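Undergrad: prediction below, plus the sequence it came from.
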Amino acid sequence: MGIGMRHVVWTSAALALGAFLYVVTLEPMDEQHNPRAGALDQRPSSEQIVSQIRRSLSNGQLDSARVEALELFGLDPNSVRSAFYCGIVERASGNNSTARGYWRMIINLIERRHDGQVGYAPHLYFYAWAQLEGGDADTGRQLFGQLADQYEQGTKDGDDRWGGLGAMDHYNLACYRSLAGATERAMEHWALAVELGYGRGDVHGWWTADPDLEALHANEEFWRIGADIYPEGRRQERGVRPDLVDEPEPAMADG
């Protein structure tokens with residue numbers, strides 16, 4: 001009788017454990033009534049992956065950026081944005097022939113979907129980049145100039161200094177003008193972007209790696225303007241001369 005009772009106890013325990021494991025690992029859960037359900041097996045969104053790619057590029061982690069770009073591409077192989085970030089990562093890695101394949105993919109996708117009428121952003125931005133790198137560079141620069149004009153016309157309030165625009169607007173215009181080859185105007189927008197607060201709290205410093213601004217990197221004033229927002233501990237990285245950055249005065253010890 002005692003042996004039989006032990007069997008019953010062990011059997012009950014095993015069944016209870018099995019039920020517990022099923023609920024924890026296998027049973028579908030209603031996210032509305034079980035908040036933990038949404039946290040299990042949750043894959044990053046495309047926006048999260050883009051942020052990861054930018055962070056990796058900012059930190060010079062090209063291998064990580066490539067893995068993340070391919071993950072983004074795997075979510076939607078027919079996405080223009082996915083192909084764009086793959087192209088950007090391969091370009092940053094020096095794999096220009098591989099990058100060229102993505103640029104051509106972008107051109108084909110957009111022209112097929114829009115019958116050659118690219119129109120406005122965001123497709124115009126991707127299309128201009130693809131032309132600049134994998135098609136006709138002159139066409140790419142012209143399109144970026146067109147994009148900048150569209151953006152500026154749609155956001156400014158008539159002030160000749162674009163005073164009605166916010167920090168992010170000026171940053172975008174700096175990017176577009178830079179890619180269009182209008183570096184002097186790009187620098188004006190970059191200075192206004194920083195003055196209005198762009199980059200505050202950005203610990204990774206995407207602006208230091210953003211390929212949109214590469215044409216400004218040779219200008220020492222670009223780095224001077226960005227000195228105050230350059231990520232702490234990284235001011236001598238990515239070819240930035242330390243003498244171009246105004247280091248803060250050392251803090252005085254208490255007492």
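TA: Cool, the structure landed.

Undergrad: helices and strands of the protein: which one has the lowest mean pLDDT?
TA: helix 2-21 (a mean of 45; mean pLDDT, DSSP states H and E).

Undergrad: need the contact partners of stretch 194-202.
TA: 166-168, 170-171, 193, 205, 207, 225-226, 228-229, 231 (Cβ atoms under 8 Å, 6 or more residues apart in numbering). (C-beta placed from N, C-alpha, C; glycine too.)

Undergrad: what are the buried residues along stretch 221-232?
TA: Phe222, Trp223, Ile225, Gly226, Ile229, Tyr230, Pro231 (16 or more other Cβ atoms under 10 Å).

Undergrad: thinking again about what came up before, and after the least confident helix or strand of the chain, which helix or strand comes next?
TA: helix 46-58 (DSSP states H and E).

Undergrad: before we move on, the earlier item: just the ones of the contacts of stretch 194-202 in helices?
TA: Ala167, Met168, His170, Tyr171, Ala193, Ile225 (DSSP state H).

Undergrad: how about the contacts made by Ala215?
TA: Ser178, Leu179, Gly181, Thr183, Ala186.

Undergrad: my bad, should have said Ser79
TA: Ser46, Leu72, Phe73.

Undergrad: and it, its phi and psi?
TA: phi -90, psi 130 (degrees, to the nearest 10).

Undergrad: from Trp206, how far out is it?
TA: Between Ser79 and Trp206 the computed distance is 21 Å (Cβ to Cβ, to the nearest Å).

Undergrad: got it, and Val194?
TA: Distance, Val194 to Trp206, using Cβ to Cβ: 13 Å.

Undergrad: alright, calling it a day.
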